[in-house]
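Q: Sequence plus the predicted model coming up.
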Amino acid sequence: MKRSLLLAIAVAAAAALPAAASAAVPAPDVPGVIAVTGDEKPFLTAHAEGVQIYVCRSGEWALVAPRATLYGDSDQVIASHFGGPTWQARDGSSVKGSRVDGVSVPGAIQWLLLSRASSSAGPDGDRLAGTTHIQRINTIGGLPPAAAGCVTDGEQVEVPYEADYVFWKATA
(Lines give C-alpha, C1' and ligand atoms only; values in the text may rest on other atoms or scores of the structure.)
Protein backbone atom coordinates (compact mmCIF):
# COMPACT_ATOMS: atom_id res chain seq x y z
CA MET A 1 0.00 0.00 0.00
CA LYS A 2 2.83 2.40 0.88
CA ARG A 3 4.52 1.78 -2.49
CA SER A 4 1.22 2.58 -4.23
CA LEU A 5 0.98 5.87 -2.34
CA LEU A 6 4.58 6.74 -3.25
CA LEU A 7 3.87 5.93 -6.89
CA ALA A 8 0.68 8.03 -6.86
CA ILE A 9 2.58 11.01 -5.43
CA ALA A 10 5.36 10.62 -8.01
CA VAL A 11 2.84 10.38 -10.87
CA ALA A 12 0.94 13.44 -9.64
CA ALA A 13 4.15 15.43 -9.26
CA ALA A 14 5.33 14.42 -12.73
CA ALA A 15 2.00 15.39 -14.27
CA ALA A 16 2.26 18.86 -12.75
CA LEU A 17 5.71 19.53 -14.21
CA PRO A 18 6.58 20.69 -17.71
CA ALA A 19 7.50 17.85 -20.07
CA ALA A 20 11.22 18.70 -19.99
CA ALA A 21 11.36 18.40 -16.20
CA SER A 22 9.07 15.40 -15.74
CA ALA A 23 11.96 12.99 -15.13
CA ALA A 24 13.19 15.02 -12.14
CA VAL A 25 12.78 13.62 -8.63
CA PRO A 26 11.11 16.23 -6.40
CA ALA A 27 12.81 17.25 -3.16
CA PRO A 28 10.81 16.00 -0.18
CA ASP A 29 9.26 18.37 2.34
CA VAL A 30 11.25 17.63 5.51
CA PRO A 31 12.24 19.39 8.75
CA GLY A 32 15.24 21.72 8.30
CA VAL A 33 17.72 19.59 10.27
CA ILE A 34 17.43 16.78 7.72
CA ALA A 35 17.11 18.97 4.62
CA VAL A 36 19.82 18.82 1.97
CA THR A 37 21.19 22.25 1.12
CA GLY A 38 23.58 23.47 -1.52
CA ASP A 39 24.14 22.42 -5.12
CA GLU A 40 22.55 19.01 -4.88
CA LYS A 41 19.40 17.43 -6.26
CA PRO A 42 17.51 14.24 -5.53
CA PHE A 43 18.01 11.64 -8.25
CA LEU A 44 16.39 8.51 -6.83
CA THR A 45 13.52 7.77 -4.46
CA ALA A 46 12.83 4.23 -3.30
CA HIS A 47 10.48 2.56 -0.85
CA ALA A 48 12.07 0.11 1.58
CA GLU A 49 10.49 -2.85 3.31
CA GLY A 50 12.53 -4.81 5.80
CA VAL A 51 13.60 -5.15 9.41
CA GLN A 52 15.68 -3.36 12.01
CA ILE A 53 17.76 -5.98 13.84
CA TYR A 54 18.34 -5.44 17.57
CA VAL A 55 20.43 -7.39 20.09
CA CYS A 56 19.90 -7.58 23.85
CA ARG A 57 22.87 -6.12 25.76
CA SER A 58 22.80 -5.53 29.51
CA GLY A 59 19.02 -5.17 29.68
CA GLU A 60 18.69 -2.82 26.66
CA TRP A 61 18.05 -3.41 22.96
CA ALA A 62 20.88 -2.12 20.73
CA LEU A 63 20.62 -1.70 16.96
CA VAL A 64 22.75 -4.22 15.06
CA ALA A 65 21.80 -3.39 11.46
CA PRO A 66 18.95 -2.87 9.04
CA ARG A 67 18.06 -5.39 6.34
CA ALA A 68 15.69 -4.17 3.65
CA THR A 69 14.76 -4.35 0.00
CA LEU A 70 14.27 -1.09 -1.91
CA TYR A 71 11.62 -0.85 -4.61
CA GLY A 72 11.26 1.61 -7.48
CA ASP A 73 8.12 3.16 -8.98
CA SER A 74 6.95 -0.04 -10.70
CA ASP A 75 7.56 -2.26 -7.65
CA GLN A 76 10.81 -3.49 -9.20
CA VAL A 77 13.66 -4.30 -6.80
CA ILE A 78 16.35 -1.66 -7.29
CA ALA A 79 18.63 -2.05 -4.25
CA SER A 80 19.27 -3.65 -0.89
CA HIS A 81 20.05 -2.00 2.43
CA PHE A 82 22.18 -3.49 5.18
CA GLY A 83 24.66 -2.69 7.96
CA GLY A 84 27.08 0.15 7.56
CA PRO A 85 24.55 1.64 6.82
CA THR A 86 25.03 0.64 3.19
CA TRP A 87 22.82 0.62 0.10
CA GLN A 88 23.75 -1.53 -2.89
CA ALA A 89 22.02 -1.14 -6.26
CA ARG A 90 21.36 -4.06 -8.57
CA ASP A 91 24.24 -2.89 -10.79
CA GLY A 92 26.63 -3.49 -7.88
CA SER A 93 27.26 0.18 -7.12
CA SER A 94 27.01 1.13 -3.46
CA VAL A 95 27.05 3.97 -0.97
CA LYS A 96 27.81 3.86 2.72
CA GLY A 97 26.27 6.58 4.86
CA SER A 98 27.20 8.46 8.00
CA ARG A 99 24.50 9.99 10.19
CA VAL A 100 24.24 13.79 10.07
CA ASP A 101 21.01 14.34 12.04
CA GLY A 102 17.62 12.87 12.78
CA VAL A 103 14.06 13.78 13.67
CA SER A 104 11.92 11.69 16.00
CA VAL A 105 8.46 10.72 14.81
CA PRO A 106 5.69 9.08 16.84
CA GLY A 107 5.61 5.27 16.72
CA ALA A 108 8.47 4.78 14.25
CA ILE A 109 12.21 5.01 13.80
CA GLN A 110 13.63 8.47 13.17
CA TRP A 111 13.72 10.29 9.87
CA LEU A 112 17.42 10.73 9.06
CA LEU A 113 19.88 12.69 6.98
CA LEU A 114 23.07 10.79 6.14
CA SER A 115 26.10 11.95 4.21
CA ARG A 116 28.23 9.74 1.99
CA ALA A 117 31.07 8.11 3.92
CA SER A 118 32.16 6.16 0.84
CA SER A 119 30.78 4.96 -2.46
CA SER A 120 31.81 2.83 -5.38
CA ALA A 121 30.77 1.85 -8.87
CA GLY A 122 29.71 -1.72 -9.46
CA PRO A 123 30.60 -4.19 -12.18
CA ASP A 124 27.47 -3.27 -14.13
CA GLY A 125 27.11 0.48 -13.46
CA ASP A 126 27.39 3.42 -11.12
CA ARG A 127 23.80 4.19 -10.10
CA LEU A 128 24.69 4.98 -6.45
CA ALA A 129 28.35 5.95 -6.88
CA GLY A 130 27.61 9.69 -7.14
CA THR A 131 25.40 9.84 -4.06
CA THR A 132 26.23 12.70 -1.69
CA HIS A 133 23.36 12.40 0.82
CA ILE A 134 20.58 9.98 1.72
CA GLN A 135 17.36 10.86 3.53
CA ARG A 136 15.22 8.28 5.34
CA ILE A 137 11.66 9.60 5.59
CA ASN A 138 8.05 8.41 5.95
CA THR A 139 9.08 5.72 8.42
CA ILE A 140 6.69 3.09 9.76
CA GLY A 141 7.64 0.79 12.67
CA GLY A 142 11.18 -0.39 13.35
CA LEU A 143 11.38 0.69 16.99
CA PRO A 144 13.13 -1.63 19.44
CA PRO A 145 10.96 -3.72 21.76
CA ALA A 146 10.43 -2.64 25.37
CA ALA A 147 13.54 -2.99 27.54
CA ALA A 148 11.62 -5.35 29.86
CA GLY A 149 11.76 -7.95 27.05
CA CYS A 150 15.56 -7.84 26.96
CA VAL A 151 16.53 -10.56 29.44
CA THR A 152 19.07 -12.75 27.61
CA ASP A 153 22.28 -11.05 26.46
CA GLY A 154 22.94 -11.83 22.81
CA GLU A 155 19.30 -12.50 21.92
CA GLN A 156 18.33 -10.88 18.61
CA VAL A 157 14.97 -9.65 17.40
CA GLU A 158 13.91 -8.40 13.97
CA VAL A 159 11.38 -5.57 13.95
CA PRO A 160 9.56 -4.84 10.65
CA TYR A 161 9.85 -1.34 9.21
CA GLU A 162 9.13 0.63 6.07
CA ALA A 163 10.66 3.89 4.89
CA ASP A 164 11.26 5.98 1.83
CA TYR A 165 14.88 6.74 0.91
CA VAL A 166 15.83 9.77 -1.16
CA PHE A 167 19.29 9.73 -2.77
CA TRP A 168 20.97 13.06 -3.63
CA LYS A 169 23.91 14.01 -5.87
CA ALA A 170 25.80 17.16 -6.80
CA THR A 171 24.34 19.15 -9.71
CA ALA A 172 27.67 20.18 -11.23
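A: That came through, no problem.
Q: Following the helix or strand bottoming out on mean pLDDT in the chain in sequence, what is the next regular element?
A: Lowest on mean pLDDT, DSSP states H and E among the helices and strands of the chain sits helix 2-16, with a mean of 42. Downstream of helix 2-16, the next assigned helix or strand under DSSP states H and E is strand 40-57.
Q: May I have the strands that pair with that next one, each with its orientation?
A: Applying DSSP bridges, strand 40-57 is found paired with strand 60-71 (antiparallel), strand 156-170 (antiparallel).
Q: In this structure Arg116 contacts Ala129, no?
A: No: between Arg116 and Ala129 there is no contact under CB atoms under 8 Å: 9.6 Å. All C-beta spots, glycine's among them, are computed from the backbone N, C-alpha and C.
Q: Identify the contacts common to the two.
A: The contact sets of Arg116 and Ala129 overlap at Val95 (CB atoms under 8 Å, 6 or more residues apart in numbering).
Q: in the sheet, who's paired with Asp164?
A: Taking DSSP bridges as the rule, Asp164 bridges to His47, Ile137.
Q: how near is it to Ala129?
A: Counting by CB to CB, to the nearest Å, the separation of Asp164 from Ala129 is 21 Å.
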